[in-house]
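Chemist: next come a sequence and a model predicted from it.
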Number of protein chains: 2
Amino acid sequence: MTTNNMTKGDRDLENTLDAVRPDDLRLEKFLPYRLSVLSNRVSNAIAQAYGERFDLTIPAWRVMAILGRFPNLSAADLVEQTAMDKVAISRAVSILLRNDYITRSEDLSDRRRQVLNLSELGRDVYERIVPLAQQYENDLMGSLSDDERRQLDSIIEKLMSRAQDWANRGLLDR
Amino acid sequence: MTTNNMTKGDRDLENTLDAVRPDDLRLEKFLPYRLSVLSNRVSNAIAQAYGERFDLTIPAWRVMAILGRFPNLSAADLVEQTAMDKVAISRAVSILLRNDYITRSEDLSDRRRQVLNLSELGRDVYERIVPLAQQYENDLMGSLSDDERRQLDSIIEKLMSRAQDWANRGLLDR
DNA sequence: CGGCAGTGGTTACAATTGAAACCAATCTTA
DNA sequence: TAAGATTGGTTTCAATTGTAACCACTGCCG
């Protein structure tokens, strides 16, 4: 999968959209590219729905989604749960505080920590968004067969852990 | 947007990470979220590889990937091929020109258009990146079974077209 | 105790991205 | 052929995001 065995002459022939060189990269079939396009399309559609209705960014909504299930978390706990970074969490939290969607209280046993929770209002919003989110997901999943749905789960899991490996010890030499 | 059918008592029980309310959203199983995390991990790893070695952003590399297969395209053609927007293309092109990876020439039949091509240098780089890109892809795909690989292709296609529909006529009322 | 390494969280600043305005060339149509 | 509409492409400005520095507090070790 390394060398490119074409002559220069071959190449010169190809100056229309139909010409495809054998060893070229077919971007539209390249997994990282497809993932990125797919993910952006999905995220943008959903971000728009959240944003319009509730003045929430996606990171802010993620924080709510976690706090909805797991009360009394600190920002550091959220970092762990969401794979978002410190700063993103901090900004999301400040949006949510501004909207009165969450409350923040001191942790007396460690005065650096701040314990976060959904407020009454926040829980209301949470309970209205969850079905909306599920509707989007159902709509997506609705385009798949049962078999595909099952496989997708395991596929994502595998790809995710492989990509995670890259992040730790980089791929290749490096 | 007011009611909340849990009692306060219910809620107070749940202050550990193990507590899960039945109708909550499980973010870690939520497809849009997983796609986003996966795509970011993959893109970041690859962006780093391209960037370090060749001073290329991902958009810039995408432009090269298309020009490698399809010579003599204009920026507008690239927009069509890549699903990137005008501005992103324009910026990518200017990076590539600065690096002497592509050439730009007037289209005499329409003096608004500028015809783009890989330069000699650009083609060299292209031919070195293609195997690198394929190596990343193979590594990812390597974690899947043959069956999964086949399915993934069709799954992505379906999800993509569903998400595309959203972009056109928005999901739900709106 | 007193210092100092590590943690929780925010702030400041630079780089990236997106939206809209913009300029120049072309096309349309009267 | 002149006026307005359209297209190709760039620039500008605001919003978003990432990185690094930073402050306050805790915990550890002498």
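Modeler: Yes, it's here.

Chemist: sec struct for A:S105, please.
Modeler: strand (DSSP: H, G, I helix; E, B strand; the rest coil).

Chemist: tell me where chain A has helices.
Modeler: Taking DSSP state H as the criterion, chain A contains helices spanning A:8-13, A:31-54, A:58-69, A:75-82, A:86-98, A:120-141, A:146-168.

Chemist: what's the local residue count around the closest residue to A:E106 other than its chain neighbours?
Modeler: Spatial nearest neighbour of A:E106, excluding adjacent residues (CB to CB, 6 or more residues apart in numbering or on different chains): A:Q114 at 6.4 Å. Using the backbone N, CA and C atoms, a C-beta is placed for each residue, glycine as well. Counted by other CB atoms under 10 Å in any protein chain shown, the residues lying close to A:Q114 total 16.

Chemist: now stretch A:149-156: buried residues?
Modeler: A:151-152, A:155-156 (16 or more other CB atoms under 10 Å in any protein chain shown).

Chemist: swap in stretch A:90-106?
Modeler: For stretch A:90-106, a neighbour-count test (16+ other CB under 10 Å) marks A:92-93, A:95-96, A:99, A:101-103 as buried.

Chemist: that older thread, isn't the residue nearest to A:E106 up against A:R104?
Modeler: Yes - proximity of A:Q114 to A:R104 meets the contact threshold set by CB atoms under 8 Å, at 4.9 Å.

Chemist: of the buried residues of stretch A:90-106, closest to A:R128?
Modeler: Closest approach between these and A:R128, by CB to CB: A:Y101, at 11.8 Å.

Chemist: how about the closest one, what does it touch?
Modeler: Residues in contact with A:Y101 (CB atoms under 8 Å, 6 or more residues apart in numbering or on different chains) are A:56, A:60, A:64, A:118-119, A:121-122, A:125.

Chemist: could you export these as TSV, including pLDDT and distance to A:F30?
Modeler: Listed next are these as TSV, based on pLDDT from 0 to 100; distance: CB to CB, whole Å:
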residue	pLDDT	distance to A:F30
A:L56	91	33
A:A60	95	32
A:M64	96	34
A:L118	98	41
A:S119	97	45
A:L121	97	44
A:G122	96	41
A:V125	95	39
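
Chemist: ok, and the closest non-adjacent residue to A:S105?
Modeler: Among residues not flanking A:S105 along the chain, A:V115 sits closest, at 5.1 Å (CB to CB, 6+ apart).

Chemist: so the one you found touches A:R104, yeah?
Modeler: Yes - if you go by CB under 8 Å, A:V115 and A:R104 touch, sitting 7.1 Å apart.

Chemist: number of nearby residues for A:K29?
Modeler: A:K29 has 11 neighbours, counted by other CB under 10 Å.

Chemist: what sits closest to it if chain neighbours are left out?
Modeler: Counting by CB to CB, 6+ apart, B:D153 is the residue found nearest to A:K29 once chain neighbours are left out, at 7.9 Å.

Chemist: please apply the same query to A:Y50.
Modeler: Closest to A:Y50 by CB to CB, 6+ apart is A:L56, at 4.6 Å.

Chemist: next, count neighbours for A:V37.
Modeler: For A:V37, using other CB under 10 Å, the count is 20.

Chemist: ok so, going back, OK, contacts around the residue nearest to A:E106?
Modeler: Residues in contact with A:Q114 (CB under 8 Å, 6+ apart) are A:74-75, A:104-107.

Chemist: same question, A:R104
Modeler: Applying CB under 8 Å, 6+ apart, the residues near A:R104 are A:93, A:97, A:114-116.

Chemist: hmm, 6 Å instead?
Modeler: A:R104 makes contacts with A:114, A:116, as judged by CB atoms under 6 Å, 6 or more residues apart in numbering or on different chains.

Chemist: again with A:N44
Modeler: Contacts of A:N44 by CB under 6 Å, 6+ apart: none found.

Chemist: let's have the buried residues of stretch A:90-106 in JSON lines, adding pLDDT and distance to B:F70.
Modeler: Output for these, formatted as JSON lines (pLDDT from 0 to 100; distance: CB to CB, whole Å):
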{"residue": "A:A92", "pLDDT": "97", "distance to B:F70": "41"}
{"residue": "A:V93", "pLDDT": "97", "distance to B:F70": "47"}
{"residue": "A:I95", "pLDDT": "95", "distance to B:F70": "43"}
{"residue": "A:L96", "pLDDT": "96", "distance to B:F70": "47"}
{"residue": "A:N99", "pLDDT": "94", "distance to B:F70": "48"}
{"residue": "A:Y101", "pLDDT": "97", "distance to B:F70": "48"}
{"residue": "A:I102", "pLDDT": "97", "distance to B:F70": "50"}
{"residue": "A:T103", "pLDDT": "98", "distance to B:F70": "56"}
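
Chemist: relative to B:I46, which of the contacts of A:Y101 is nearest.
Modeler: Distances from B:I46 to the contacts of A:Y101, taken by CB to CB, are shortest for A:A60, at 28.1 Å.

Chemist: so that closest one sits right up against A:R91, yeah?
Modeler: No - using CB atoms under 6 Å, A:A60 is not in contact with A:R91; the gap is 8.2 Å.

Chemist: nice, that's everything, thank you.
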